[in-house]
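**Q** no sequence on this one, just coordinates:
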């Protein structure tokens, strides 16, 4: 049997053949008939896979290398000294500051989500943010908690892309405030990099103005449809950024929460310096803390450890406060940050236990079998009734049998659209 030429022309270019199910005793449903695409997906090259794996673990490897170099050059004395100086009041103070920064961070996230038309109450936002902080501190890379928070929130709202963009904008707001406040502090307060920053800021401003001019020229000269589509996506992203960060409804709250979060991080740094025994003034420690926070933004760390310790040791040494003191301060700051994120472990365990309990309840509900209907006209006695006193009444059941779906498909399913008993040939001409 051959397929007519008109039907063959209607097939798409990527299809190789139309497969028909074998005719057995009962008809085959339409779900098993279809078109098989024989064009296989191109396998990923082995070199590209290795490169992707290397890029994934590059941050962890770089953090391990930085920590190894620090311990090789400076020894473990500064690290152990910093750990010995952590006491209960210091931990409690770190937990309190961490609670304030976490609540304001969650509030900023809720504001950004509201700007993107996503519902996010403050209570669940605080719990999810604590869990994210714990995963960031416990897992390599320092960003896996944010990724988990973005995906889970997107799945709960039914829009993963918008949930991811909300987290990206929330983190971007914090980094922008850190950059603006950090540059201001480094330009006004004495620091080892004051002269370098004063030379770098005008150059960075010129580069930014030049890049903006190039974007304006490209936008004016674009004629290609693909460029127009990219421009449309860029305009949509800018519109979401304005709605989430710069609108009159969200802008003041986002700026205030970001300022409070930055102040909390700098306060934790000062607490770590005091715990180590540094008597440097707060105005001297603020630029060093800004440098440490900027180093923490580099995704080359092991749970936040790596560049922060290296930059803090260098900054304290350049400021005349001692590189070993700087390393001890960075270690204490890391311990306080991890302690402030420990409530996230409680949230993680509680969510896991709740999900496990709900899963057991649903499995128990699915395992309940309803009572079967009486068969063959026999009466099923109730528990309180005695079978000896209940008369057996014959019941005549009249059922109307209609053709089943398989029987209808037997006469009308593709391609055999005619029944031989109707006197028509079994050909695919009627398709």
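**A** The structure has been received and is ready for your questions. Just so it is clear, the structure is predicted and the values come from calculations on it, not from any experiment. Residues are numbered from 1 along each chain as shown.
**Q** mind listing the strands for the stretch 151-300 of the chain?
**A** In the stretch 151-300 of the chain, no strands are defined using DSSP state E, counting those that start in this stretch.
**Q** can you tell me what sits against the helix or strand hosting residue 68?
**A** Per DSSP states H and E: residue 68 is located in helix 58-74. Residues from elsewhere that reach helix 58-74, judged by CB atoms under 8 Å, 6 or more residues apart in numbering: 79, 140-142, 299-302, 305-307, 309-310, 313, 323-324, 327. All C-beta atoms are positioned from the backbone trio N, CA, C, and that covers glycine.
**Q** in helices only, show me those residues.
**A** 79, 307, 309, 310, 313, 323, 324, 327 (DSSP state H).
**Q** what's the burial count for the nearest residue in space to the fourth one that is not next to it in sequence?
**A** So that's residue 310. With sequence-adjacent residues excluded and distances taken as CB to CB, 6 or more residues apart in numbering, residue 310 is closest to residue 66, at 5.1 Å. The number of residues packed near residue 66 is 21, by other CB atoms under 10 Å.
**Q** where in the stretch 201-350 of the chain is pLDDT low?
**A** The stretch 201-350 of the chain contains residues with pLDDT under 70 at 201, 206, 212, 214-215, 217-232.
**Q** which residue ranges form the helices in it?
**A** For the stretch 201-350 of the chain, the helices defined by DSSP state H, counting those that start in this stretch occupy 225-241, 251-276, 282-296, 307-318, 323-340, 343-367.
**Q** nearest to residue 197, of those helices?
**A** With CB to CB as the criterion, residue 197 lies closest to helix 282-296 of the helices of the stretch 201-350 of the chain, at 9.4 Å.
**Q** quick one, helices of the stretch 51-200 of the chain?
**A** Under DSSP H, counting those that start in this stretch, the stretch 51-200 of the chain gives helices at 58-74, 77-84, 88-115, 122-138, 144-157, 160-188, 194-221.
**Q** helices and strands around the third one, which ones?
**A** Helix 88-115 makes packing contacts with helix 122-138, helix 160-188, helix 251-276, helix 323-340 when contacts are defined by 3 or more CB pairs under 8 Å, 6 or more residues apart in numbering; DSSP states H and E.
**Q** which among these is found nearest to residue 87?
**A** helix 251-276 (7.6 Å).
**Q** quick check: buried residues in the closest one?
**A** For helix 251-276, a neighbour-count test (16 or more other CB atoms under 10 Å) marks 251, 253-255, 257-258, 260-262, 264-276 as buried.
**Q** what packs against that helix?
**A** Helix 251-276 packs on helix 77-84, helix 88-115, helix 160-188, helix 282-296, helix 323-340, going by 3+ CB pairs under 8 Å, 6+ apart.
**Q** in CSV: those helices, plus distance to residue 360 and mean neighbour count.
**A** Conversion of the helices and strands packed on helix 251-276 to CSV gives the following (distance: least, CB to CB, whole Å; neighbours: other CB atoms under 10 Å):
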stretch, distance to residue 360, mean neighbour count
helix 77-84, 42, 16
helix 88-115, 30, 20
helix 160-188, 28, 18
helix 282-296, 41, 21
helix 323-340, 33, 24
